[in-house]
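Peer 1: have a look at this prediction, sequence included:
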Amino acid sequence: MLAAGVVALFAATFTVPEAIIHLARATAEDPVPLGPRAVTVTVLAVVFLVGGGLLTIVAFNRRRATEEPHPEDLADDAEFGDAPLRPFDPDRFRHRPGRAADDDGA
C-alpha cells in the first residue's frame, strides 16, 4: 500500500503541472476549451495526488501502529520513567549567544 501511494505521488509530479497549465488556459481571458487530453490529465492529477497522499498516510499509520517498541526504549522507560530526561526550557533559546540570561541589555 505504501509503495502504491509513493508511486502515485510520483506520478502526480508529472500530471499536476500539466493539469494546472490546462486549467489556467481554460480560465484565461481568451479561454481555450478543455480537450480530451486536458480533461484526462486533470482527472488523473487529482486522483494521483489525493489517492497517493491518502494511501501513503494510511499505510504509514498502519505500519506505525503495529510496530513494537524497541527494547532500548522500554529499558529507558523502566529506568527513567516516561517523562523527558531533561525538561524543555524555552527561555534558553530566547537570548542571543554570548549574552548572559540575566543581562537586561543596558
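Peer 2: Arrived safely, thanks for sending.

Peer 1: so Arg25 makes contact with Val32?
Peer 2: Yes: in this structure Arg25 lies within contact range of Val32 using CB atoms under 8 Å: 4.4 Å. For glycine as for every other residue, the C-beta is placed from the backbone atoms N, C-alpha and C.

Peer 1: relative to Val32, how far out is the closest residue to Thr56 other than its chain neighbours?
Peer 2: Using CB to CB, 6 or more residues apart in numbering and skipping residues adjacent in sequence, the residue nearest Thr56 is Gly5, 3.4 Å away. Using CB to CB, to the nearest Å, one gets 33 Å for the distance from Gly5 to Val32.

Peer 1: okay, and for this protein, where does confidence drop off?
Peer 2: For the chain, applying pLDDT under 70 flags the ranges 84-85, 95-106.

Peer 1: grab the longest helix from it for me.
Peer 2: helix 2-26 (DSSP state H).

Peer 1: show me what it is in contact with.
Peer 2: The contact list for helix 2-26, computed with CB atoms under 8 Å, 6 or more residues apart in numbering, reads 31-34, 37-38, 41-42, 44-49, 51-60, 63.

Peer 1: for it, buried residues please.
Peer 2: For helix 2-26, a neighbour-count test (16 or more other CB atoms under 10 Å) marks Gly5, Ala8, Leu9, Ala11, Ala12, Thr15, Val16, Ala19, His22 as buried.

Peer 1: turn those into a markdown table, columns for distance to Pro69.
Peer 2: Converted to a markdown table, the buried residues of helix 2-26 look like this (distance: CB to CB, whole Å):
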| residue | distance to Pro69 |
| --- | --- |
| Gly5 | 25 |
| Ala8 | 31 |
| Leu9 | 29 |
| Ala11 | 35 |
| Ala12 | 34 |
| Thr15 | 40 |
| Val16 | 38 |
| Ala19 | 43 |
| His22 | 49 |
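
Peer 1: Val58: how many residues sit nearby?
Peer 2: 13 (other CB atoms under 10 Å).

Peer 1: can you tell me the SS state at it?
Peer 2: For Val58, the assignment made with DSSP: H, G, I helix; E, B strand; the rest coil gives helix.

Peer 1: same check on Glu68?
Peer 2: coil.
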